Every structure is written in C-alpha cells, then in structure tokens.
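*Asks:* sequence first, predicted model second:
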Amino acid sequence: MTPINLIWLKRDLRLTDHAPLFNAARSGRPCLIVYIFEPMLLNDPHYDERHWRFVWQSLMDINMRLEQYGSQVVVLHGDAQTCLTQLCAHLKRFQFEVRHLYSHQEVGLRNTFQRDIAIKAWAKSHNITWHETQMGAVLRGAPNRDQWDKRWHQVMRADLATPDLAKVQFVPHNAVEALLDYQPPLPWRERQKGMQTGGATVGWKTLDDFFIERGKRYYYSLSKPEESRTACSRLSPYLAWGNLSLREVYQTVLAHWQQPGFRKSLIALTSRLHWHCHFIQKFESECEMETRPLNRAYQHFPYQPDNQLVLAWQRGETGIPLVDACMRCLIHTGYLNFRMRAMLVSFLTHHLNQDWRSGVAHLARLFLDFEPGIHYPQFQMQAGVTGINTLRIYNPVKQALEHDPEGHFIHRWLPELTSLPAPILFTPWQLTDMEQRLYGIEANSIYLQPVIDVTMAAKAARTRMWDFKKRDDVNQDAKRIIKRHVRSS
C-alpha cells in the first residue's frame, strides 16, 4: 500500500495560500483533493441553491487549473463519514491507503462542528492523522482577546502558503476515474443573472478591478445602496467561500497602499478586513449564539411574535419603500451593502418587535456571502441583544433621504413606485387622494397602508430597548461578554 494524503475542501475553495494543500504537498506523499456535498448542509435552512451554485462554480474553476497537472477534485455527495469511508475503501483497490487528512478548521454552524467531532473519532479509529490548520487569524477556543490584534497582524503579514502545483504528486487519474461522475442539479450549472460567479479566477478579477478605478469611490459610497454595488470591493462571497484568502486580499491592499486617490478607501477596507476575523473569533469563542442571545438576559426580551409581519418583511412587502427595495434586491442578487443589511435587521427586531431568530436563517439564505461566524454576531449586534453595543434603530425614511436621495435604488427594485419622485417616494403613505391619482398609485397599494407606523414603532422600540438594557441581569452578563470578547486596553 502506498500512503497518501486527502485534502478536504470546505469553505476554502482555492489552490493558493492554502496551508492544508501546501503542507500535504511538502510531505512528498501523493495527494488527492476532495469536496463533499453533505445533505445536512444542502437541507439546512441557512443555505440556498445560490450558495451551492457558487460552490460548484468554484470547484469547476479549481478543476480548470488542476487539469494541466492531470488531476481534479473528487466531488462526492453524502454524509461526510460515509463518503470518506467509501473513498478509502475504493483507493485501497488501487493499492493506495489514506494515512493523512488535511483541512482548515471550520468555524461553521453547530451541525458542522458536530460533524467534525465525528470525523475526528472516525480518523482515529482508522489510524488516519487529521491535520487541521487555523482559518485566517481565528484561534480555536480562545478564552479572551489578549494579544489577539498583534497575532492578527502577524498572520496577515506572514508568507503565503501557496504550493507549487507542478511539483505536487497527485494520485493517478485511473485510481479515481470511477469517482468523477458526480452530476450536480441543473440549476447549479446555469448562471443566474445578477448573482456573482464563484471561483478564484473571477475573485481575482474582481479584486484587480477594484484598484483600476472604482475603489476610489469606496469610502464615499459604501453606505449607499445603489452606488455601493460598484464602489464596494464585492469580495465578500469570495472570502466567505474561500476563493481568496483574507491574507491574500490584505497583502494585495498593502501593495496598493501608495496608489493615488485610494488612501481613504484602503484605510476603510483594511479595517473591515480586520473586523472579518474579529466577528468570526467572537462566534468561535461563543458558538452558542447560534441559538441564544449573546447576552443571556435577552432570552426574556418582550418580543411580540407575529408571523404575518415576519412574512411581509421576508417578501419585501412591508409598505416601507427602502426596506422592501433592499429585500427584493437581496432576493434577486444575493448582495446588499452593510448599512442596508443592518437596517433590515433593525427594522425586523425593533420596528416590528420580532425575535431576531425569526429572520436570521432567512437572511442567511439570501446572502450569497453567508459566513456563519460573521452573520450571527452581526445579526445580534444590530438586533441589540448583546448588551454591550450601542443601540441603533435605523430610520428607513432618513436612510433613504441620505443614501438614496434621488430614489434610483428604490425605483430599480420597486417598479410599482417608478412614477413617484423623491422625496415623496420615501413616504408614499402621506400622499393625498389627488396625488395618488396623479401618480397612478392604486388605492389598495401596500405603500399607502404600510404594516406599521414608522415613527410610532421607532418611539416604542427606543423605550423598550433602552429600558431593557438598564436591567441588572443585562449589565451583569455584559461584564462577562466584555471580559471574553473585547480586547484589553
């Protein structure tokens, strides 16, 4: 038997700056790269067809590069433990024995954590050494943030772990040929208009394009729902699915640091790259926030569950123009800038007074760049259930006036309101009967009778949120959170 290495891809769909592949290649043993489409994730309410299309595109992009080296990713479907067991048995028929398994640590949902516990036991029982590599600058099980920022910079400035593929010894094609028959569902193989395409090739083109010209507008346009679609980096799905490593992006940004006209934008971008690991570290250190508030006292927050309100929010049918435009944009493109995402969460949890858990999986399904470690801490922060962050109740009318003053974004996604000019576009419920007829707004339009009174709902939310935050149990747990998740001065 010839001992070989398995490189298990998960949320690291690339061949560059890939420590598991780099380390496996250095061992001198034959290597085989594998990806598993797991039913537990395919059926998970956080995921959508758009995610698996992006993953499939990413795998095809990897295979285009591997083709010249006589290899490709073995794509399997099924329970991870079963797939790995069957793969090992198949390889033995060709006199290859899996002795080492390489992968990145995954900061995912509870189901992937439990799966990894099972795989660890499986590997031990099969006498396979599993080498897990730290993901970015996220430290597994970190009890606090002591020296965390210093380590982050060390990791981001370290040499890239990029293997020379020409020198990698891959398992011969004939040994895996019978395993290369996986056929994904047809929708995964069809590009969807408006959605970004997966793969490192497109990811690098997106990053390069940022530095040609459009990145100059990043600092000034990142909060604007329409302009941000081109001015922002648009790298988030490529980072979330690992087409590019955070270190590659950070070092590329530093290489352009002196580029004229980009300084403010690059400062803003690097701070967000730092936040990327910061939030994932928070989730890694307290993954229970997938099912409960970070601040445990908020388990008792007086939400008023209303499925009809949640459904209106999910469909983009609340009658509040900017809220609905944002949701419909997400449904069709999978992308929305940060401020508008925060407004959607704020509107659900504050204006509608709905439990944050009623919307967290819905937005995860819509975000093409869904990253569990960022999604949950951010969602809870915007929902105001951490007890340590400033409460922000975004006024959707004010946000529209400031960030979509001409109404271009709203007109694009709410064609039923294209006849309404700004600023009356932002408060259509205030139209007189004569104005309704003048602009052709139907009498039964949801924009004349929104699901809530924005002003009254915001006032009630402020009272409710601030009164609750003053509670002793909230402040007591806030001390624990600060000690664990906030760096010491």
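*Replies:* Noted; the coordinates are in hand.
*Asks:* who are the packing partners of the helix or strand encompassing residue 4?
*Replies:* Secondary structure assignment for residue 4, by DSSP states H and E: strand 2-9. Secondary-structure packing of strand 2-9 (3 or more Cβ pairs under 8 Å, 6 or more residues apart in numbering; DSSP states H and E): helix 19-26, strand 31-37, helix 80-92, strand 96-104. C-betas here are computed from N, CA, C, even on glycine.
*Asks:* just the helices in the stretch 301-450 of the chain please.
*Replies:* With DSSP state H, counting those that start in this stretch as the criterion, the stretch 301-450 of the chain has helices at 307-315, 321-333, 338-346, 360-366, 372-383, 396-403, 408-413, 433-438.
*Asks:* as CSV, those with distance to residue 160 would be great.
*Replies:* As requested, the helices of the stretch 301-450 of the chain are exported to CSV (distance: least, Cβ to Cβ, whole Å):
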stretch, distance to residue 160
helix 307-315, 41
helix 321-333, 31
helix 338-346, 28
helix 360-366, 30
helix 372-383, 22
helix 396-403, 37
helix 408-413, 38
helix 433-438, 60
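*Asks:* so which of these is nearest residue 39?
*Replies:* Evaluated over these, closeness to residue 39 peaks at helix 360-366, with 16.7 Å, by Cβ to Cβ.
*Asks:* can you tell me what sits against that closest one?
*Replies:* Residues external to helix 360-366 that are found in contact with it (Cβ atoms under 8 Å, 6 or more residues apart in numbering): 45-48, 314, 327, 330-331, 334, 341, 344-345, 370, 372, 375-376, 379.
*Asks:* about what we covered before: same list, the helices of the stretch 301-450 of the chain, but as TSV with distance to residue 258, mean neighbour count and mean pLDDT please.
*Replies:* Below are those laid out as TSV (distance: least, Cβ to Cβ, whole Å; neighbours: other Cβ atoms under 10 Å; pLDDT from 0 to 100):
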stretch	distance to residue 258	mean neighbour count	mean pLDDT
helix 307-315	45	16	98
helix 321-333	34	23	98
helix 338-346	27	22	98
helix 360-366	38	20	98
helix 372-383	30	24	96
helix 396-403	30	19	98
helix 408-413	34	20	98
helix 433-438	53	11	96
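*Asks:* which one of these lies closest to residue 242?
*Replies:* Among the helices of the stretch 301-450 of the chain, the nearest to residue 242 by Cβ to Cβ is helix 372-383 (12.7 Å).
*Asks:* quick one: closest of the helices and strands packed on strand 2-9 to residue 69.
*Replies:* strand 31-37 (10.4 Å).
*Asks:* any idea which helix or strand comes after that closest one?
*Replies:* helix 39-42.
*Asks:* can you pull the buried residues of that next one?
*Replies:* residue 41 (16 or more other Cβ atoms under 10 Å).
*Asks:* skipping adjacent residues, who's closest to residue 420 in space?
*Replies:* Of all residues not flanking residue 420 in the chain, residue 439 sits nearest, at 5.4 Å (Cβ to Cβ, 6 or more residues apart in numbering).
*Asks:* measure that neighbour to residue 322 for me?
*Replies:* 18 Å (Cβ to Cβ, to the nearest Å).
*Asks:* what residues are up against residue 47?
*Replies:* Counting by Cβ under 8 Å, 6+ apart, residue 47 has contacts 41, 364-365, 370.
*Asks:* that one - that's part of a helix, no?
*Replies:* No. Judged by DSSP: H, G, I helix; E, B strand; the rest coil, residue 47 forms no part of a helix; its state is coil.
*Asks:* so what does it have for phi and psi?
*Replies:* Main-chain torsions, residue 47, degrees, to the nearest 10: phi -110, psi 160.
*Asks:* can you check the one 4 residues further on too?
*Replies:* Dihedral angles of residue 51 (phi, psi; degrees, to the nearest 10) stand at phi -70, psi -40.
*Asks:* that one touches residue 370, doesn't it?
*Replies:* Yes. Using Cβ atoms under 8 Å, residue 51 is in contact with residue 370, at 6.7 Å.
*Asks:* these two: which has the busier surroundings?
*Replies:* Between residue 51 and residue 370, counted using other Cβ atoms under 10 Å, the more crowded position is residue 51 (25 against 22).
*Asks:* picking that back up, how far away from the center of its chain is the strand holding residue 4?
*Replies:* Put simply, strand 2-9 sits 28 Å off its chain's centre (Cα atoms, centre = their mean, to the nearest Å).
*Asks:* so which bits of it are buried?
*Replies:* Buried, per 16+ other Cβ under 10 Å, within strand 2-9: 4-9.
*Asks:* who's in contact with stretch 245-255?
*Replies:* Against stretch 245-255 from outside (Cβ under 8 Å, 6+ apart): 12, 14, 16-18, 136-137, 155-158, 160, 207, 235, 239, 266, 269-270, 273, 276-277.
*Asks:* in PyMOL, how would I select the buried members of those?
*Replies:* PyMOL command restricting these to the buried ones, with burial defined by 16+ other Cβ under 10 Å:
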select buried, resi 12+14+16+17+18+136+137+155+156+207+235+239+266+269+270+273+276+277
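*Asks:* now, the contacts of stretch 245-255 that are in helices?
*Replies:* Members of the contacts of stretch 245-255 lying in helices (criterion: DSSP state H): 155-157, 207, 239, 266, 269-270, 273, 276-277.
*Asks:* tell me the domain boundaries of this protein?
*Replies:* 2-133, 198-285, 289-485 (automatic domain parsing).
*Asks:* what's the closest of these to residue 145?
*Replies:* Of the domains of the chain, nearest to residue 145 by Cβ to Cβ is domain 289-485, at 6.7 Å.
*Asks:* buried residues, the strand or helix carrying residue 116. List them.
*Replies:* Here residue 116 sits within helix 110-125, counting by DSSP H and E. Within helix 110-125, the residues that count as buried by 16+ other Cβ under 10 Å are 112, 115-116, 119, 122-123.
*Asks:* next helix or strand past it?
*Replies:* strand 129-133.
*Asks:* and that next one, what does it pack against?
*Replies:* Secondary elements touching strand 129-133 (3+ Cβ pairs under 8 Å, 6+ apart): helix 19-26, strand 96-104, helix 110-125.
*Asks:* how about 7 Å then?
*Replies:* If contacts are counted by 3 or more Cβ pairs under 7 Å, 6 or more residues apart in numbering; DSSP states H and E, strand 129-133 sits against helix 19-26, strand 96-104.
*Asks:* a markdown table for the helices and strands packed on strand 2-9, including mean neighbour count and distance to residue 426?
*Replies:* Output for those, formatted as a markdown table (neighbours: other Cβ atoms under 10 Å; distance: least, Cβ to Cβ, whole Å):
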| stretch | mean neighbour count | distance to residue 426 |
| --- | --- | --- |
| helix 19-26 | 21 | 49 |
| strand 31-37 | 22 | 44 |
| helix 80-92 | 17 | 49 |
| strand 96-104 | 21 | 45 |
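*Asks:* for those, give me CSV that also has mean pLDDT.
*Replies:* CSV is the format used below for the helices and strands packed on strand 2-9 (pLDDT from 0 to 100):
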stretch, mean pLDDT
helix 19-26, 97
strand 31-37, 98
helix 80-92, 97
strand 96-104, 98
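*Asks:* residue 144: which of the ones you listed is closest?
*Replies:* It's strand 96-104; of the helices and strands packed on strand 2-9, that one is closest to residue 144 (Cβ to Cβ) at 23.2 Å.
*Asks:* need the nearest residue in space to residue 484, chain neighbours excluded.
*Replies:* Nearest residue to residue 484, sequence neighbours excluded (Cβ to Cβ, 6+ apart): residue 144, at 5.8 Å.
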